[in-house]
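Peer 1: Here is my input, please return the structure:
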Amino acid sequence: MNARIPCLNPNCRRTAAQEKYPNSSNIICGKCWKAMPAEFRRRWKTLKSRDRRLGRIHNKTAYRRQEREEQWGRIATRFDRAWEALDLSIIHYFTASEAPIGIEDFLKENGIV
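Peer 2: The predicted structure follows:
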C-alpha cells in the first residue's frame, strides 16, 4: 500500500500521495488552504515570488562571485527564517485549542469550582 501524507489540519481527513511530495511530512489540502486566513496565503505568495526572483538573480554569473557568498548566506538565513515563521504560524492556526483560556476554565481544571 502506498504511504499517504495527512493534511496539516487534525480535523481534516484528506491525504496526498507520498510520491507527489517526497520530502514532506504533511500537506495542506485545498479546502483547508481556502479556510486559512488571507494573511497567511498572502505571505506565502510573497515569499514564493521572492524565492523565484532571488533564484533568478543568484543564477546570473555576476552574482555568483566569491565576494557575494557572504551576502547570499545572510539572505538565505533570513529567507529560511521567514519560511519557518510562516510554517509555525500555519501549524499553530490549525492545531491551537478551540476552547478559550479563562479564569473559569483554570478553576475547573484545578478542581476549585
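Peer 1: now this structure, which segments are flagged as low pLDDT?
Peer 2: Flagging of the chain using pLDDT under 70 yields the residue ranges 1-2, 61, 63-64, 97-101, 113.
Peer 1: Can you list the residue ranges for helices in it?
Peer 2: For the chain, applying DSSP state H gives helices covering 30-35, 38-59, 69-95, 103-109.
Peer 1: any chance of these in CSV, with distance to Ile5 and mean neighbour count too?
Peer 2: Every residue, glycine included, has its C-beta placed from N, CA and C. Below are the helices of the chain laid out as CSV (distance: least, C-beta to C-beta, whole Å; neighbours: other C-beta atoms under 10 Å):
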stretch, distance to Ile5, mean neighbour count
helix 30-35, 13, 13
helix 38-59, 18, 12
helix 69-95, 15, 12
helix 103-109, 34, 10
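Peer 1: Dump those helices into JSON lines; add distance to Cys12 as well.
Peer 2: Putting the helices of the chain into JSON lines (distance: least, C-beta to C-beta, whole Å) gives the following:
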{"stretch": "helix 30-35", "distance to Cys12": "5"}
{"stretch": "helix 38-59", "distance to Cys12": "16"}
{"stretch": "helix 69-95", "distance to Cys12": "8"}
{"stretch": "helix 103-109", "distance to Cys12": "26"}
